[in-house]
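> 3D, please:
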Amino acid sequence: MTNGYVVKTFSPETLQLLFSAINEDDLVDENVSLPPRIDVQCTQDSLRENYALCLQYWEEGVDRHELLNLVRELLRGDTLSDSARMQFKYIRSRYKHLRFAQRLYSKKHLSRLWFSKTTVLLGKLQDAFRNSNIRAVKFYAGILCFYLSKPIWNWVYFSLRDMPLDSASHFIAYRKKQIRKLQVLIAKTALTGREFHAVRKIVSQQVSYYDTLRSIDPGNQDFHQISRFLAAINGVMGDKHDEMVADNLSGRRRYDELAQLDIHLRQRLELLLTRYPL
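Sure thing, here's the model as predicted:
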């Protein structure tokens, strides 16, 4: 039971569709556009189904011992194999998707504190070993060993199934508020790293929403189209943000330094705003 309703269990086929959709979020398809108008309406049942799928996707795809072993390897100073790096990437993507779900569907639009911190630490650890920053690798791996200890894991696990969900009307209002925030951000001629990251977070959250919808309703072409359009933006922004983080770590360019937003990226974001009813 979660929030007084029975959690729906989804088929392996639906979970595989979600896995495939999330993996496509790094692929840029320049030929995908948007429907003439984005329909923002939804139902309470839809919110419940979406959160249930995201929760099941995390529960069935993340094993504490498996993740802890990867973190301990890094803490020892070992280099992860290509397959272990891919395994780490997939686990982190499941954390990210569920954190997006908590921010989208929960009444307070916040992720559970310990779960959110774990997700952030996984990202920082991944950035550290990608950039061969051994000191940072050991620092974040050490903290994660504590976060993945059995008592904290058990507390986090059960807290995820007790997530008060928002009403459909407030959820729609929240999404519109996020798009208005996006509108304000990209009205600027140049963005700092933090502002760029704020834009990407809004887009990523929207991608996660449509990835979930298209997995539950694979026949809906609008869901698929919006998901792919947003994923193209997300992929470009992800590559750029990785570059910004690496430049900041190496001292080549400060993260808070202003930079112009790529013209093609800006055009795609502006098209999204024109199709989104506010």
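> report the longest helix in this protein, please.
As assigned by DSSP state H, the longest helix anywhere in the chain is helix 221-250.
> got a list of contacts for the very next helix or strand once past that helix?
Next in sequence after helix 221-250, counting helices and strands by DSSP states H and E, comes strand 259-260. Strand 259-260 is touched from outside by 189-193, 196, 244, with contacts defined as CB atoms under 8 Å, 6 or more residues apart in numbering. (Glycine included, C-beta is placed from N, CA and C.)
> can I get these in TSV with distance to residue 137 and pLDDT?
Formatted as TSV, the contacts of strand 259-260 follow (distance: CB to CB, whole Å; pLDDT from 0 to 100):
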residue	distance to residue 137	pLDDT
189	37	88
190	32	90
191	29	90
192	26	90
193	22	87
196	25	90
244	20	79
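> Those, buried ones only, as a PyMOL selection?
Selection of the buried residues among the contacts of strand 259-260 in PyMOL, burial being defined by 16 or more other CB atoms under 10 Å:
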select buried, resi 191+192+193+196+244
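> And the furthest pair within the contacts of strand 259-260?
For these, the farthest-apart pair by CB to CB is 189 and 244; their separation is 17.5 Å.
> Now the contacts of strand 259-260 in a markdown table, please, with extra columns for distance to residue 202 and secondary structure.
A markdown table is the format used below for the contacts of strand 259-260 (distance: CB to CB, whole Å; DSSP: H, G, I helix; E, B strand; the rest coil):
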| residue | distance to residue 202 | secondary structure |
| --- | --- | --- |
| 189 | 19 | coil |
| 190 | 18 | strand |
| 191 | 13 | strand |
| 192 | 16 | coil |
| 193 | 15 | helix |
| 196 | 11 | helix |
| 244 | 17 | helix |
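> what packs against the longest helix of the chain?
The contact analysis (3 or more CB pairs under 8 Å, 6 or more residues apart in numbering; DSSP states H and E) places helix 221-250 against helix 113-130, helix 193-216, helix 263-275.
> do you know which of these lies nearest residue 15?
Across the helices and strands packed on helix 221-250, closest to residue 15 is helix 193-216 (CB to CB), at 7.9 Å.
> Would you format the helices and strands packed on helix 221-250 as CSV with distance to residue 69 included?
What follows is these, written out as CSV (distance: least, CB to CB, whole Å):
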stretch, distance to residue 69
helix 113-130, 14
helix 193-216, 27
helix 263-275, 38
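> which of the ones you listed is buried the deepest?
Between the helices and strands packed on helix 221-250, helix 193-216 has the highest mean count of neighbours, a mean of 21, where neighbours are mean count of other CB atoms under 10 Å.
> Next, the angle helix 221-250 makes with it.
Angular relation of helix 193-216 and helix 221-250 on a 0 to 180 degree scale: 150 degrees, by axes from the mean of the first three to the mean of the last three CA atoms, to 10 degrees.
> nearest to residue 63, of the contacts of strand 259-260?
The nearest member of these to residue 63, counting by CB to CB, is residue 244 at 32.3 Å.
> okay but the closest one is in contact with residue 195, surely?
No. With contact defined as CB atoms under 8 Å, residue 244 does not reach residue 195; the gap is 11.2 Å.
> ok, back up a step: which of the helices and strands packed on helix 221-250 sits closest to residue 23?
helix 193-216 (9.8 Å).
> Check which helices and strands that closest one sits against.
With contacts taken as 3+ CB pairs under 8 Å, 6+ apart, helix 193-216 sits against helix 12-23, helix 44-61, helix 82-105, helix 168-186, helix 221-250.
> ok, and for the longest helix of the chain, which residues are buried?
222-238, 240-241, 244-245, 249.
> burial of residue 277, as a residue count?
For residue 277, the count of nearby residues is 11 (other CB atoms under 10 Å).
> who's in contact with it?
Contact partners of residue 277, counting by CB under 8 Å, 6+ apart, are 37-38, 40, 176.
> From residue 72, how far off is it?
Between residue 277 and residue 72 the computed distance is 49 Å (CB to CB, to the nearest Å).
> now swap in residue 25 and tell me
Using CB to CB, residue 25 is found at 29 Å from residue 72.
> Pick out whichever of the two has more residues nearby.
It is residue 25, of residue 25 and residue 72, that has more neighbours when counted by other CB under 10 Å, with 22 against 15.
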